[in-house]
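Novice: Here is my input; please provide its structure:
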Amino acid sequence: MGKKRFFDDRLKYLSFIQNTSEKRAISAELTPYIASMPKNRTFLRVLDAGTGDGTIKSNVIKTFHKHHPYTSLLITGKEISYEDLKNTLEKMPDRFVEHPNLLVTMTNVKFAELGHIENNNKIKNKKVKTYTLILKEDNSYDFHDQINKLNNFIKRYWGIEIDNKSRTSYAHPCIIRIYREDHKRYLEPFLDNDYENNNYDLIIASQAYRAASLVKTKVNNVIAPLMRLLNKSGRLLVTHSCGGDTVEKIIRVAWKDKDPFPNNAKDIIEYLKNNPVGENNKYSYSKPKFYTFNFKRSPDQTVSELFGHGVDAKWANILYIGQIPEKEIQEIEKSPAAQKKIKTAITKEDKMYFKNEIFSIKKIR
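Specialist: Numbers count the residues shown, from 1 in each chain. Next up, the predicted model:
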């Protein structure tokens, strides 16, 4: 097994989503894009390219139903984490009740493989493990009971492998499809997607790469493969942390010369303009937009059972969003003087806020 990687620490991840309002803030930013999707289509395709705990995916379905109540929604989620897959599926029963004309697909393959998973028997010489669940009845209780029966399939196949360079990959390429039996005739034609005429109308890439990665790496490994999956007039929404907030301020106290956010959306867009994706395709790029979210304040003298809301919790969240390597964290925590300086800086911050940016890429042809 490789060295411990920062994003493999689930306690820090769970602390972050518990103690901040990022999921709600991202969902709010997505709303106008979902509302403006075509109204004259019988179906629309959406990809959540990293579902995490499923909060954003669930909110996307809610928003979609508000603005497109009678349109078939074919929504795919990419997630390698066994725990996050289960958390995502836990949120789906109510969504199938609210929006019956729904096909939920989950997969664990890499970004560049998303266009091949649904119509290939093998990915990289590994057999694709497939499970199609057709929900019976019409209530969330029964849907929940049936979705729980996926656990054996998930435990058996939805594992990860870590190479000697600490890179994670799936043990088996997997795909899960779920839809209601009473809407089978509307959704069954879309089960095998050839990705030639039925690419995505909306793709969401939220915190899909490490902030410190080179622009070229972000584009080649994440953004370009997703751009290739867009329909004509389809949009890719990219959002990530960008610094200029409490996180960067406190990190500079701990590590004076560290730049946790060395590039931004403008750099990515400039790179894409100078290095076009696809010879015959054309894209337009929106102006990046900043938005913020907060560390949640608890009622006075109330302590969260799971994580707390003191200096330690704030520090953990700063380390998470700043993506500080474990080795550097251990070194700074050995120094009482550094710890005191960090604690003083955090205590002085009356409100801790985090800053993200979002931009869209639209396929013109």
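Novice: in what helix or strand does the residue nearest the centre of the chain lie?
Specialist: Among the residues of the chain, residue 50 comes closest to the average C-alpha position under C-alpha atoms, centre = their mean, at 3.1 Å. If you go by DSSP states H and E, residue 50 is not part of any helix or strand.
Novice: need the contact list for the nearest residue to it once chain neighbours are set aside.
Specialist: The shortest distance from residue 50 to any non-neighbouring residue, by C-beta to C-beta, 6 or more residues apart in numbering, is to residue 208 (5.1 Å). Quick note: C-beta positions are derived from backbone N, CA and C, even for glycine. By C-beta atoms under 8 Å, 6 or more residues apart in numbering, the contact set of residue 208 is 49-50, 111, 222, 238, 240.
Novice: Give me the secondary structure label for residue 208.
Specialist: At residue 208, secondary structure determined by DSSP: H, G, I helix; E, B strand; the rest coil is coil.
Novice: quick one: residue 256 is in a strand?
Specialist: No - using three-state DSSP, the secondary structure at residue 256 is coil, not a strand.
Novice: what about the closest residue to residue 31 other than its chain neighbours, neighbour count?
Specialist: Nearest residue to residue 31, sequence neighbours excluded (C-beta to C-beta, 6+ apart): residue 63, at 5.4 Å. Neighbour count of residue 63, defined by other C-beta atoms under 10 Å: 18.
Novice: Show the subsequent helix or strand relative to the strand or helix carrying residue 63.
Specialist: Using DSSP H and E, residue 63 falls within helix 55-67. Counting by DSSP H and E, the next helix or strand C-terminal to helix 55-67 is strand 72-78.
Novice: Return the list of helices and strands in contact with the helix or strand following that next one.
Specialist: Next helix or strand after strand 72-78 toward the C-terminus (DSSP H and E): helix 82-90. Helix 82-90 sits against strand 102-107, helix 140-148, helix 151-157, with contacts defined as 3 or more C-beta pairs under 8 Å, 6 or more residues apart in numbering; DSSP states H and E.
Novice: Please identify the deepest-packed of these.
Specialist: Counting by mean count of other C-beta atoms under 10 Å, strand 102-107 has the highest mean neighbour count of the helices and strands packed on helix 82-90, with a mean of 24.
Novice: who does whichever helix or strand comes after that one pair up with?
Specialist: The helix or strand immediately downstream of strand 102-107 is strand 122-123, counting by DSSP H and E. Using DSSP bridges, the strands paired with strand 122-123 are strand 126-127 (antiparallel).
Novice: Extract the C-alpha set from the next helix or strand after the strand it pairs with and format it as CSV.
Specialist: Counting by DSSP H and E, the next helix or strand C-terminal to strand 126-127 is strand 129-135. Extracted C-alpha coordinates of strand 129-135, given in CSV (Å, rounded to 0.1, in the frame of the first residue of the first chain):
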residue,chain,number,x,y,z
LYS,A,129,-19.2,-5.2,-13.2
THR,A,130,-22.8,-4.2,-13.9
TYR,A,131,-25.9,-4.1,-11.7
THR,A,132,-29.3,-2.8,-12.9
LEU,A,133,-31.9,-2.3,-10.2
ILE,A,134,-35.5,-1.8,-11.3
LEU,A,135,-37.5,-0.4,-8.4
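Novice: what's strand 129-135 packed up against?
Specialist: Other elements packing on strand 129-135 under the criterion 3+ C-beta pairs under 8 Å, 6+ apart are helix 140-148, helix 151-157, strand 174-180.
Novice: As CSV, these with distance to residue 272 and mean pLDDT would be great.
Specialist: Formatted as CSV, the helices and strands packed on strand 129-135 follow (distance: least, C-beta to C-beta, whole Å; pLDDT from 0 to 100):
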stretch, distance to residue 272, mean pLDDT
helix 140-148, 38, 99
helix 151-157, 35, 97
strand 174-180, 29, 97
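Novice: for those, which one sits closest to residue 81?
Specialist: Of all the helices and strands packed on strand 129-135, the one in closest proximity to residue 81, counting by C-beta to C-beta, is helix 151-157 (10.9 Å).
Novice: that older thread, show residues contacting the helix holding residue 63.
Specialist: 17, 23, 26-27, 30-31, 34-35, 37, 44, 46, 48, 51, 71, 73, 75, 77, 88, 91-92, 95, 98-99, 102, 204, 206.
Novice: Burial check on residue 136, number of neighbours?
Specialist: Residues within reach of residue 136, counting by other C-beta under 10 Å, total 11.
Novice: same check, this time on residue 327
Specialist: Other residues near residue 327 number 9, with proximity taken as other C-beta under 10 Å.
Novice: how much space between it and residue 334?
Specialist: Per C-beta to C-beta, to the nearest Å, residue 327 is found 11 Å from residue 334.
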